[in-house]
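Chemist: what's the 3D shape of this:
(one chain, ligands or ions: 2)
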Amino acid sequence: MEQFFTRNKKETEKLAKILAKEILRMRGKTKNALVFGLVGNLGAGKTTFIQAFARGMGIKKRLTSPTFVLMKKYGNLYHLDCYRIKNSRDILAIGFKEIICNPQNFVFIEWAEKIKRILPQGTIWIGFKIIGKKERIISFS
Ligand code: ADP
Ligand code: MG
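Modeler: Ligands and ions are numbered 1, 2, ... in the order given. Modelled structure (predicted):
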């Protein structure tokens, strides 16, 4: 497990952008999509992280939170939010299996612990912990 400490929103964004650059090199080289499971309380920074990651990937369009629509697509980046879903079936119903099979795709899932049973083995888990007004611990495993 790798842990990072950020002191404000900007530092979280910087971390996400650095990661995006690293991860972009893996695109297409994996067997399936790269799936990221984001876990952490409301306001911990999950959406902020994904927005910055998308910018780091070169996506120009501004990401908005998919809390009410379950999923948003920006080219090959998919942004899902499981906050309001009842169970994994809601996610399977929107073509999730096909999305995670395409090795070109990057799939980011907020509240991913709720659909753990349908996530691939190689899911990259990112934990967000609030430790102060602006301090966060972000861990990768
Ligand atoms: P989530 O998607 O986890 O509910 P958001 O990214 O929507 O969280 O919101 C995070 C909030 O916390 C934003 O208002 C942001 O400005 C604030 N914030 C303060 N410090 C940080 C930090 N270190 N990293 C990320 N966000 C931070
Ligand atoms: Mg969010």
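Chemist: show me what the biggest helix by length in the chain is packed against.
Modeler: Counting residues, the longest helix found in the chain (DSSP state H) is helix 9-24. With contacts defined as 3 or more Cβ pairs under 8 Å, 6 or more residues apart in numbering; DSSP states H and E, helix 9-24 has these neighbours: strand 2-6, helix 46-56, strand 136-140. Any C-beta I mention is one placed from the backbone N, CA and C, and that applies to glycine too.
Chemist: outside of whichever helix or strand comes after that helix, which residues touch it?
Modeler: If you walk from helix 9-24 toward the C-terminus, the next helix or strand you reach (DSSP states H and E) is strand 34-39. Taking contacts as Cβ atoms under 8 Å, 6 or more residues apart in numbering, the residues outside strand 34-39 that touch it are 23, 26-27, 46, 49-50, 100, 105-113, 116, 119-120, 122-128.
Chemist: got the residues of this protein near ligand 2?
Modeler: Residues of the chain found near ligand 2 (Cβ under 5 Å from the ion) are Lys46, Thr47, Glu110.
Chemist: number of nearby residues for the nearest residue in space to the second one that is not next to it in sequence?
Modeler: The shortest distance from Thr47 to any residue that is not its chain neighbour, by Cβ to Cβ, 6 or more residues apart in numbering, is 5.2 Å, and that residue is Ser65. A total of 15 residues lie near Ser65 under the criterion other Cβ atoms under 10 Å.
Chemist: and if you look at Gln104?
Modeler: Gln104: 11 surrounding residues under other Cβ under 10 Å.
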